[in-house]
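Student: following is a predicted model, sequence given first.
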Amino acid sequence: MVLRKARLAAAGSAVLMIGFVGVVTVGTYAASGVPGQSAAQPGLSGGTVPAAYRAHIQQWGALCPEISGPLLAAQLYQESGFDPKARSQVGAMGMAQFMPGSWDAFSVDGDGDGKRDVWNPLDAIASAASYDCLLARQVANVPGDRQANMLAAYNAGPGAVSRYGGVPPYQETQGYVRSIQTLAKSFTAPADPGVQLALSKEAAGAIWFAQSKLGTDYLWGGTGQEWENGRFDCSGLTKVAYESVGIELPRVANDQWYAGPHPSRDQLRPGDLVFFANDLDDPRTIHHVGIYVGGGYMIDAPHTGAKVRYDTIDQRDYIGATRVTPDGAAALPTRNMGDGTITRSQAPKAD
């Protein structure tokens, strides 16, 4: 959430002192048109971003060297799950979750219609990228990784990054930097699609757990608890299967989708999560998940009245797969089920 954290209140005066220069600079970027795609920019992995926003995120992700399409997508996903109507309990608004004062100071017109509308996703995407790049310029002379310093400035304020000569020693800020950089990997298309992704060490244990539940009755919302008579729904089964090998996944399928990189159909390996969506161009419509076991089959908890069973993955609504990694799962946010905004950010443990 832009300028929400308590520490940023202390840093706010420093940020606002450069507000006029920053807005002029950001406005110059906007006036020159949407940035072009850089040859060095990583592409977005298929199915990770709603098609309506894909080109805009990729283009604005090339605004400055410190960001990329996948990194910008990771931030927007974490802030709102790509919901342009998201409103948090503390008043942050839109896909990028700007607070009103920050929107007034730092927003740009992303679609060229002459307006800066916080509820317009194209304006929100452009404004998030522009704000990132403004922060990157403010900490450009700080030593260390420029992208990490930019993300730290987003979370803790540029003053803190300058004062500490890099990412501040705040647990929340260090966790935010690791989370976004890790989550960006889930949005990144492989540089060489022919290169096989690393196999999951935890896959065998997750499959064993799922196999042990074959024949169990389906229960909407079920996670196998005693008071549920050990029953599961689809994402409840995958969550608990990976929990049995020490990986904590989010509760719902369309958040589990981002728990790691996305193998192609011919790269599937046992243990990968396989997903199904109502609209193959929009991951927000993912409605089902299973655990791949090989040979074109998965174990899943399909629907009310059915049991945990083997099913084919070759269905019209198959959108893709995720190879779950511990760091990928740990980078995912926990959301408020009422408004979809973050209630808690998880972060990979430092090496």
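Tutor: Perfect, I can see it now. Residues are numbered from 1 along each chain as shown.

Student: pull the number of nearby residues for Trp208.
Tutor: 12 (other Cβ atoms under 10 Å). Backbone N, C-alpha and C define where each C-beta goes, glycine included.

Student: equivalent analysis for Asp104, please.
Tutor: 13.

Student: residue ranges in the stretch 101-250 of the chain under the pLDDT threshold?
Tutor: For the stretch 101-250 of the chain, applying pLDDT under 70 flags the ranges 193-195.

Student: please, where are all the helices along it?
Tutor: 121-138, 146-156, 158-164, 171-187, 203-212, 234-243 (DSSP state H, counting those that start in this stretch).

Student: what's the angle from the fourth one to helix 146-156?
Tutor: So that's helix 171-187. The directions of helix 171-187 and helix 146-156 differ by 130 degrees, with axes from the mean of the first three to the mean of the last three Cα atoms, to 10 degrees as the criterion.

Student: packing partners of helix 171-187?
Tutor: helix 69-80, helix 146-156, helix 326-330, strand 342-345 (3 or more Cβ pairs under 8 Å, 6 or more residues apart in numbering; DSSP states H and E).

Student: try 6 Å this time
Tutor: Helix 171-187 sits against helix 69-80, helix 146-156, with contacts defined as 3 or more Cβ pairs under 6 Å, 6 or more residues apart in numbering; DSSP states H and E.

Student: could you dump these into a markdown table with distance to Ala191 added?
Tutor: What follows is those, written out as a markdown table (distance: least, Cβ to Cβ, whole Å):
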| stretch | distance to Ala191 |
| --- | --- |
| helix 69-80 | 12 |
| helix 146-156 | 18 |
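
Student: right, and those helices - which one's nearest Pro190?
Tutor: For the helices and strands packed on helix 171-187, proximity to Pro190 was assessed by Cβ to Cβ; helix 69-80 is nearest, at 11.5 Å.

Student: what separates the closest one from the chain centre, distance-wise?
Tutor: In terms of Cα atoms, centre = their mean, to the nearest Å, the centre of helix 69-80 is set 5 Å apart from its chain centre.

Student: which elements pack onto that helix?
Tutor: By 3+ Cβ pairs under 6 Å, 6+ apart, helix 69-80 packs against helix 51-60, helix 171-187.

Student: hmm, Ile125 and His56 touching each other?
Tutor: Yes. Taking Cβ atoms under 6 Å as the definition, His56 is a contact partner of Ile125 at 5.1 Å.

Student: neighbour count: those two, which is higher?
Tutor: Set His56 next to Ile125 and count neighbours by other Cβ under 10 Å: Ile125 wins out with 29 against 22.

Student: and that one, how far from Leu249?
Tutor: Relative to Leu249, Ile125 is positioned 27 Å away (Cβ to Cβ, to the nearest Å).
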